[in-house]
Structure formats: C-alpha cells, structure tokens
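In: what's the 3D shape of this:
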Amino acid sequence: MDPALAEALAPVLRDLENSGGPLPDVRDRQWSDVPGQVTAMLHGPGSSAQGVYAMAGEPLPERIASVADQVQEWAVEALWHAGRPATWPECPEHPGSHPLAAMLRDHRAVWTCPRTGILICLVGELAD
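Out: Numbers count the residues shown, from 1 in each chain. Prediction:
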C-alpha cells in the first residue's frame, strides 16, 4: 500500500480496534487513475467491499480526516450487516443518538460531536 495512504489509515484503524468497531481486511489496490490519488479496498464479511483513498500530496491531518470519513461509512455499513447498532464511532455526549464526525480543526484530524461541535478527541485516540 502506498505510504501516504497507510499513514492516514493507521490512526483510523486504531480507533476501530480501540472502540470495538469492525475491522476491515485492507487490500492494496490502485483503483483510481486520478493523479496523486492513492487507493485501497476495505473488505468486510461476505463479499462487501468499499474503496478508500487519499491524496498523496495533502498534509497528513487532511488525509487522516478524509480517510476517517470514508472508513466511518464502511464501518456503519459493516455494523448494519452484522445486526449491530450502525453508529460508529458513537458520540459519548449523546449515546444511542448519532456518530461522531471526522473533521479538520486547527490543523489536526479530530472526532467531534456533529450536534454541538464539541471536540471529543484526535483521530487515533478514540477510547472504548
């Protein structure tokens, strides 16, 4: 896998693992011909798969926030297929209500409550 994508994906996978989320089988696959776009595939149980990408030339925090948003989409789908609540990562401020949102704030990739904007943690530092 391209190092720019692997570097952005690592903190997101750590968050999935630390929070009990589903873990994808990440497969190195360049599926895009957009210049500078590096890609892989996230595979879940059965035959479900989703592409994930990063722009190699972007700063790391931007790549992490973008990849976190894409992995979140994959995780919600994987949870739904597993019959689990399809909210990942769950907002600790509003349990059972909505997932956190990945965004860029002060040049850092963070998880925030989409309702209040409260910063929960950096992407990669999500706890169970």
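
In: in a helix, that's where residue 34 is, yeah?
Out: No - according to DSSP: H, G, I helix; E, B strand; the rest coil, residue 34 belongs to no helix; its state is coil.

In: what is the burial count for it?
Out: In terms of burial, residue 34 registers 9 neighbours under the definition other C-beta atoms under 10 Å. C-betas here are computed from N, CA, C, even on glycine.

In: offset the numbering so it begins at 438, please.
Out: Got it, first residue is 438 now, which makes that one residue 471.

In: give me phi/psi at it?
Out: Recorded main-chain torsions at residue 471 are phi -70, psi 130, according to degrees, to the nearest 10.

In: just the one 4 residues further on next, same as before
Out: Here is the backbone geometry of residue 475 (degrees, to the nearest 10): phi -110, psi 140.

In: chain neighbours aside, what residue packs nearest to it?
Out: When the adjacent residues along the chain are set aside, residue 475 lies closest to residue 439, with 3.7 Å between them (C-beta to C-beta, 6 or more residues apart in numbering).

In: list the contacts of the nearest residue to residue 504 once chain neighbours are set aside.
Out: Nearest-residue entry for residue 504: residue 445, 4.4 Å, with adjacent residues in sequence omitted and distances by C-beta to C-beta, 6+ apart. Shown in contact with residue 445 (C-beta atoms under 8 Å, 6 or more residues apart in numbering): 491, 497, 500-501, 503-504.
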